[in-house]
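> The sequence and its predicted three-dimensional model are supplied below.
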Amino acid sequence: MSDLRETKATCCYCGVGCGVIVQSDGEKITGVRGDPDHPSNFGRLCTKGSTLHLTASPVLQQQARALYPEMRVSRDAPRERVSWDGTLDFIAKKFADTIREHGPDSVGFYISGQLLTEDYYVFNKLSKGLAGTNNIDTNSRLCMSSAVAGYKQTLGADAPPACYEDFDHAEVIFIVGSNTAYAHPIIYRRIEEARKNNRVLKMIVADPRRTDTARDADLYLPILPGTDVALFNGMLHICLWEGWIDDDYIRAHTEGFDELKRTVREYTPEFVAETCGIGKDDLLKAARWFGESKASLSLYCQGLNQSSSGTAKNAALINLHLATHQIGKPGAGPFSLTGQPNAMGGREVGGLANLLSAHRDMANAEHRAEIARLWGVDDVPAKPGKTAVEMFEAVRAGEIKVLWIACTNPAQSLPDQRLVREALEKAELVIVQEAYKTTATVDYADVLLPATTWGEKEGTVTNSERRITRFKPVLPKPAETRHDWEIVIDFARRLEALMGRDKTLFPYTNPEEIWNEHRESTRGRDLDITGLSYRILEEQGPQQWPFPEGASEGKKRLYEDGVFPTANGKAKFVNTVYRPVAEPVDARYPFRLTTGRQRDQWHGMSRTGTVAQLFSHASEPAVMMSKIDMDRRMIAAGDLVHVTSKRGSQILPVAASDDIRAGQAFIGMHWGEEYVSGRGSDGKGTFGVNALTLPAFCPSSKQPELKHAAVKILKAELP
Ligand code: SF4
């Protein structure tokens, strides 16, 4: 047997960004343990992180991994094994021909928050710099684009101002739209520890469902789905009335408060309590705790973001922090949590259809010119690209003809699955770049490009608190797989040749060279990392941004000086108004359905679904209903029911629960078509949970409302 060795890496699941030490014998990964030196987790791991080695077993790798390129000659034919060179030549020619014939916006890229920052950077340069289209978006659109828009509209830049250390300084932690105990377990462990050590610390949780996080709260607000803006405006109304706002701070460091003040005057405690479906006394208590505390910290995630009012929800919460000066000091601030391991890195390199590198805006001509200069291209297109849902609508409409999907599974994760699958069938060419051949999206691939995955890659990721970690491969990659950045530049150089470019825009030979170019793009920006290098990250460990040239460390906390990255240095209040969910319940569809994470699964289960012990917490999908609704409909726990929305239907067993109100239902988001019998509204297809969800999205962030759909629930007839 070869020597055992240990390599430092990060967990590839959630945005906490825990450090892991991976044990291997040179041929296979034999174990993992938490990295005691990593500042994100100090040695702790949750159930998912501590079973990572089981997802890398040689047997599973052989069964589930995409190990060589495949291509099919027609939609009726099976994909056959092909060579890398022939495949990349073919797709480069198809791209060149399509762009020549139909223009650059006839191609699109749909990528992933699972990619490393270096992969993200070259994908963006390929699309926006070489192919000439901003049609590049990412599955991070489904998890945090409302947080991006909320930060930008209020604070001037997409930068979470707080850090994990703030859990130790807070007097109030306000968790809203986040089941932190399940979705970010190691952050939750830190909060539990802070509560043990800090007798003053109180926890308020607002969530339509009494989750395990809500059960632990000192004050639980069971708000109705989608009513968050009313709640935050109502809390601000009470803070104004009681004199808990900071007039000096508002005058010196913000603008736009008078207009907001006029709006929140309407949000009386009576109106808000009724709109949100909570007790007035609880609302008053929440506002008092938040407004009177020396340090209030808000944690939030998909409950705010995945909404047709996602940006307004984020902005309304930030308004509350600004008005009460609960920002820019230890233990205080609005702190959005990222879902995926590198959603933050993707934001840094402008990995969305409306952004450019280093938090620049596509709509800003100066920003486009700066990036064009850095990349050595004449210009970057000004026309905004299609965002996630829009992209698949454009494919279905025949506007986008060639679609490249990397490291994500839209045939399961996007709302309104029938729309997505019709789009994938309509596209002239679907390229899927993936480590796993088992995803629903791979079934639609005309070309499958086998990519490397966790344990095989080198590069950087950034976690929720702006902390960058660099890691190296643990094991050599399977022979015919390639790294994501390598696939992009191998393709890009071919496309450059076909487009008549004689000097390549992609001269990189390793991830460090890509990262160095990304670093240069941040010079002078709010996220400046020009003082960092791969060497510093290796020698001194993970670091937070900003970390400009000359700095000896990154910044834990932003805006402590009250200066914001806006034109005049002042933060801006947004005049937020409550709007109901996009699809209200009615007599035919009377249940409010929400979806969310389960404790031990991750996204579409490509990886966690291979580990038997991760099914011990939830072994099968189920729809959670209140006992009141079950009694009314004579449904018993375990009975099968049809859950039906205007878009599709599923048959699921019922789980009885006291944790959900009458008139509401909950389904775990992870279950794909192999676990759930889902159908489109025409009775056709085989879909997972997202057969039911709707594609309505927030007008500012374009993030879909995955958190709410109107459904009916009827007992299934036994044959
Ligand atoms: Fe991985 Fe997140 Fe668990 Fe940490 S908390 S071990 S990053 S899944």
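Sure, I can see it.

> can you pull the contacts of the residue nearest to Cys698 when sequence neighbours are not counted?
Leaving out its chain neighbours, the residue that sits closest to Cys698 by CB to CB, 6 or more residues apart in numbering is Gly310, at 4.1 Å. The way it works is simple: take the backbone N, C-alpha and C, and place the C-beta from them, glycine included. Neighbour list for Gly310: 145-146, 149-150, 304, 698, 700-701, 703, 705 [criterion: CB atoms under 8 Å, 6 or more residues apart in numbering].

> Name the residues of the stretch 1-150 of the chain found near the ligand, please.
11, 13-14, 16-18, 41, 45-46, 48-49 (CB under 6 Å from any ligand atom).

> Using JSON lines, please lay out those together with neighbour count, pLDDT and secondary structure.
Compiled in JSON lines, these are given as follows (neighbours: other CB atoms under 10 Å; pLDDT from 0 to 100; DSSP: H, G, I helix; E, B strand; the rest coil):
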{"residue": "Cys11", "neighbour count": "27", "pLDDT": "96", "secondary structure": "coil"}
{"residue": "Tyr13", "neighbour count": "24", "pLDDT": "95", "secondary structure": "coil"}
{"residue": "Cys14", "neighbour count": "28", "pLDDT": "94", "secondary structure": "coil"}
{"residue": "Val16", "neighbour count": "29", "pLDDT": "96", "secondary structure": "coil"}
{"residue": "Gly17", "neighbour count": "27", "pLDDT": "96", "secondary structure": "coil"}
{"residue": "Cys18", "neighbour count": "28", "pLDDT": "97", "secondary structure": "coil"}
{"residue": "Asn41", "neighbour count": "26", "pLDDT": "97", "secondary structure": "coil"}
{"residue": "Leu45", "neighbour count": "22", "pLDDT": "98", "secondary structure": "coil"}
{"residue": "Cys46", "neighbour count": "24", "pLDDT": "97", "secondary structure": "coil"}
{"residue": "Lys48", "neighbour count": "22", "pLDDT": "96", "secondary structure": "helix"}
{"residue": "Gly49", "neighbour count": "23", "pLDDT": "96", "secondary structure": "helix"}
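
> and Tyr675, what is it in contact with?
Tyr675 touches 620-621, 688, counting by CB under 8 Å, 6+ apart.

> if we go to 6 Å?
Applying CB atoms under 6 Å, 6 or more residues apart in numbering to Tyr675 gives the contacts Pro621.

> Quick check: phi and psi on Gly303?
Backbone geometry at Gly303, expressed as degrees, to the nearest 10, gives phi -60, psi -30.

> was I right about it contacting Gly177?
Yes - between Gly303 and Gly177 a contact is recorded at 2.0 Å, counting by CB atoms under 6 Å.

> burial of whatever residue of the stretch 201-350 of the chain ends up closest to the ligand, as a residue count?
Across the stretch 201-350 of the chain, the shortest distance to the ligand (CB to the nearest ligand atom) belongs to Pro341, at 6.8 Å. If you count neighbours by other CB atoms under 10 Å, Pro341 ends up with 26.

> Pull the contacting residues for it.
Going by CB under 6 Å, 6+ apart, the list of residues near Pro341 reads 12, 461.

> The chain should start at 5 in everything you say after this.
All right, first residue 5 from here; so that's Pro345.

> need the contact list for the most centrally placed residue in the chain.
Nearest residue to the geometric centre of the chain (CA atoms, centre = their mean): Cys147, 3.1 Å. Applying CB under 6 Å, 6+ apart to Cys147 gives the contacts Gly343.

> Thr442 too?
Ala68.

> so where's the stretch 555-704 of the chain shaky on pLDDT?
681-690 (pLDDT under 70).

> Kindly indicate whether the residue of it at minimum distance from the ligand is helix, strand or coil.
Here the stretch 555-704 of the chain gets closest to the ligand at one residue, Trp606, 7.0 Å apart by CB to the nearest ligand atom. Classification of Trp606 by DSSP: H, G, I helix; E, B strand; the rest coil places it in coil.

> Am I right that it is in contact with Thr612?
Yes - between Trp606 and Thr612 a contact is recorded at 4.5 Å, counting by CB under 6 Å.

> Leaving out sequence neighbours, find the closest residue to Asp141.
In space, and not counting its chain neighbours, Asp141 is closest to Ala357: 4.5 Å by CB to CB, 6+ apart.

> typo on my end, Thr51
Per CB to CB, 6+ apart, closest to Thr51 is Asp604, 5.0 Å.

> residues contacting the one you found?
51, 618, 621.

> and the gap between the second one and Gly389?
Distance from Leu618 to Gly389, counting by CB to CB, to the nearest Å: 36 Å.

> Look at the residue nearest to Asp39 when sequence neighbours are not counted and report its pLDDT.
Nearest residue to Asp39 in three dimensions, chain neighbours excluded: Gly23, at 3.2 Å (CB to CB, 6+ apart). You'll see Gly23 listed with a pLDDT of 97.

> Now do the contacts for Gly23.
Counting by CB under 6 Å, 6+ apart, Gly23 touches 14, 39, 42.

> on that earlier part again, so who does the residue of the stretch 555-704 of the chain closest to the ligand touch?
Residues near Trp606 by CB under 6 Å, 6+ apart: 17, 52, 612.

> Could you do Ser704 as well?
Residues near Ser704 by CB under 6 Å, 6+ apart: 153, 315.

> Quick check: the residue nearest to Asp141 vs Ile115, distance?
According to CB to CB, Ala357 and Ile115 sit 11 Å apart.

> what does His57 give?
From His57 to Ile115 the distance is 27 Å (CB to CB).

> ok, these two, which is more surrounded?
Ile115 (27 against 20).

> about what we covered before: tell me the pLDDT of the residue nearest to Cys702.
98.

> my guess is Glu709 contacts Pro703, does it?
No - using CB under 6 Å, Glu709 is not in contact with Pro703; the gap is 11.6 Å.

> Looking at these two, which is more packed in?
Looking at Glu709 and Pro703 with other CB under 10 Å, you find the greater number of neighbours at Glu709, namely 23 against 12.

> got a list of contacts for stretch 215-235?
Contacts of stretch 215-235 (CB under 6 Å, 6+ apart): 179, 183-185, 206-212, 276, 279-282, 286, 289-290, 308, 313, 316-317, 320, 580, 582, 585, 596, 598, 712.

> Please give me every residue in contact with whatever residue of the chain ends up closest to the ligand.
The minimum distance from the chain to the ligand, using CB to the nearest ligand atom, falls at Gly53 (2.4 Å). Gly53 makes contact with 15, 22 under the criterion CB under 6 Å, 6+ apart.

> If we use 10 Å, what do you get?
14-18, 20, 22-24, 36-38, 45, 189-190 (CB atoms under 10 Å, 6 or more residues apart in numbering).

> same deal with Glu105?
Taking CB under 10 Å, 6+ apart, one finds Lys405 in contact with Glu105.

> list residues touching both of Gly307 and Gly181?
210-212, 227, 229, 232, 314, 317, 600, 711.

> from the residues you listed, which ones fall inside helices?
Counted as lying in helices by DSSP state H, out of these, are 232, 314, 317.

> Counting neighbours, what do you get for the last one?
Translated: Lys317. 30.

> Would you map out the domains in the chain?
Listed by automatic domain parsing, the domain ranges of the chain are 9-68, 74-147+346-511, 149-340, 595-719.

> where's the second one relative to the chain centroid, distance-wise?
So that's domain 74-147+346-511. On the basis of CA atoms, centre = their mean, to the nearest Å, domain 74-147+346-511 sits 17 Å off its chain's mean C-alpha point.

> ditto for the first one
Taking the mean C-alpha point of domain 9-68 and that of its whole chain, the gap between them comes to 21 Å (CA atoms, centre = their mean).

> just to revisit the earlier point, now, among the contacts of Gly23, which is nearest to Pro108?
Thr14 (35.2 Å; CB to CB).
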